[in-house]
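1. have a look at this prediction, sequence included:
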Amino acid sequence: MATLTASARMPKVRQKTIPWYVWCAALAVTSVTIGAHWDVSWHRSIGRDSFWTPAHMAIYACGVLAGISCGYLILKTTFTRSPEMVASSVSVFGFRGPLGAFLAAWGGIAMLTSAPFDNWWHNAYGLDVKIISPPHTLLMLGIWAVAVGALFLLVAEMNRADGALFRHMQWLLLYVSGLMLVLSMFFRMEYTWDVKLHGAGAYISVALGVPLFYAMVWYASRNRWACTWTTLLYTVFLIGLILILPLFPAQPKLGPVYQQVTQFIPPKFPLLLVVPAFALDLLWSQTVKRQAWLVALLSGPVFILTFVCVQWPFATFLMSKASENRFFGTTYHDYGTPPWSYEVLRRFWMPEHGLVLWEGLAMAMLYAAITTWMGIALGRWMQKIQR
């Protein structure tokens, strides 16, 4: 595994292994990533079920794991006052601990608080209401707080490490970053549905955030292939769900039922983000010492144009009969999807062409450049985090 510069590493630490609370934070992000997709599949295949579904338990296990690990870390640092732990901590309302621990602990509390609120909301306003609701908003904020807290915790540990421990932490950082990319695309699901991929809106939604995330992870991890590795994990994760979820039986419990569903419905095939990710890795490895604004101006068009070049024809393929198989999964439809919908008919929804399309893609390039610049600044700041 390649790193950019040895001089970028931070001072050494005494640990020779990855601390247990770091593993616990990574497990929390893993649990919620699996649980979130599993829960959406549950709703698409069965509908709103009992609160105590395995998918819900996987989601809320994230809050429990974050609360236990980060709460322990904060309390131990606060009351034992170990010089080494105090030196790598910040103070918040009299308590001491790493910055990431405070973020993840708050996220865990927010997630667990949203659980009874969400159950009451469904009972009061409907069994299968919209994704955006007050309890779901609190849950999403909690999930992101846990994920960002885990990322900061990992970066701080990595920046204080050296040698083999640095490399191990670097790989774990890329793993958690890949899961965060899965979560990021999960929240863009409504805008990047395969029938919407011949419109600029899908590419604008990706430009608003993904380049920022790529730049942040690339500079923070100091791995020249960081974007490619994280995107490969995103791709493999979703393909795995497409292949595994339909193996389990499911039957709708709510109506109306337009599609005869007999198994869990998997997510859509992942976007081909691995191509622009690889292109950005190549670009940034050659421009790492350049001004951030110049790198960002180059990155915006590179990201969008390489993405459109592969995703546009691939979206056409997904509308064809050739994609109707277990691997690409275009034959799976929610039980509530009408047979006359664009989804079932395999037709693009409001496709764009000509000037309208290029105006939208130009905006996507601009947004990609701006978010790249923000990501570079954030990633360079994260290289300095030790607390």
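-> Structure's in. What do you need?

2. where does the chain dip in pLDDT?
-> 1-15, 121-133 (pLDDT under 70).

3. quick one: the strands in it?
-> 90-92, 95-97 (DSSP state E).

4. dump these to a markdown table, plus distance to Ile59 and mean neighbour count.
-> For glycine as for every other residue, the C-beta is placed from the backbone atoms N, C-alpha and C. Formatted as a markdown table, the strands of the chain follow (distance: least, Cβ to Cβ, whole Å; neighbours: other Cβ atoms under 10 Å):
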| stretch | distance to Ile59 | mean neighbour count |
| --- | --- | --- |
| strand 90-92 | 26 | 14 |
| strand 95-97 | 25 | 22 |
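
5. export those as a markdown table, with columns for distance to Phe213.
-> Converted to a markdown table, these look like this (distance: least, Cβ to Cβ, whole Å):
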| stretch | distance to Phe213 |
| --- | --- |
| strand 90-92 | 24 |
| strand 95-97 | 25 |
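
6. out of these, which gets nearest to Pro246?
-> Checking the strands of the chain against Pro246 by Cβ to Cβ gives strand 95-97 as the closest, at 43.2 Å.

7. ok, and what's touching that closest one?
-> Strand 95-97 has contacts (Cβ atoms under 8 Å, 6 or more residues apart in numbering) with Cys70, Leu73, Ile74, Leu75, Thr77, Thr78, Met85, Val86, Ser89, Val90, Phe102.

8. check stretch 232-252 too.
-> Outside of stretch 232-252, the residues within contact range by Cβ under 8 Å, 6+ apart are 33, 37-38, 41-42, 45-47, 174-175, 178-179, 181-182, 185, 261-270, 273-274, 326-329, 332, 335-336.

9. cutoff 6 Å now
-> 37, 41, 45-47, 178, 181-182, 261, 263-264, 266-267, 270, 274, 329, 335 (Cβ atoms under 6 Å, 6 or more residues apart in numbering).

10. returning to what we had before: most neighbours among the contacts of strand 95-97, which one?
-> If you count neighbours using other Cβ atoms under 10 Å, the busiest of those is Cys70, which has 29 neighbours.

11. would you confirm that that one contacts Trp106?
-> No. At 8.9 Å, Cys70 does not count as touching Trp106 under the criterion of Cβ atoms under 6 Å.

12. follow-up on the earlier one: can I have the buried ones of the contacts of stretch 232-252 as a ChimeraX selection?
-> Command for ChimeraX that selects the buried part of the contacts of stretch 232-252, burial taken from 16 or more other Cβ atoms under 10 Å:
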select :37,41,45,46,47,178,181,182,261,264,266,267,270,274,329,335
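
13. now Leu112: closest residue in space that isn't a chain neighbour?
-> Nearest residue to Leu112, sequence neighbours excluded (Cβ to Cβ, 6 or more residues apart in numbering): Gly63, at 4.6 Å.

14. hmm, I was thinking of Ala101
-> Cys70 (4.0 Å).

15. contacting residues around the one you found?
-> Ala101, Ala104, Ala105.

16. how many neighbours does the first one have?
-> The local packing of Ala101 (other Cβ under 10 Å) involves 30 other residues.

17. how close does the residue nearest to Cys309 when sequence neighbours are not counted get to Gly379?
-> Distances taken as Cβ to Cβ, 6+ apart put Val275 closest to Cys309, at 7.7 Å, once the chain neighbours are dropped. To Gly379, Val275 is 21 Å away according to Cβ to Cβ, to the nearest Å.

18. who has more neighbours, the two?
-> Neighbour count, other Cβ under 10 Å: between Val275 and Gly379, Gly379 has more, with 23 against 18.

19. got the contact list for the more buried one?
-> Gly379 touches Ala215, Met216, Tyr219, Ala220, counting by Cβ under 6 Å, 6+ apart.

20. can you pull the phi and psi angles for Tyr335?
-> With angles defined as degrees, to the nearest 10, Tyr335 sits at phi -60, psi -20.

21. wait, it touches Val257, no?
-> Yes. Using Cβ under 6 Å, Tyr335 is in contact with Val257, at 5.0 Å.
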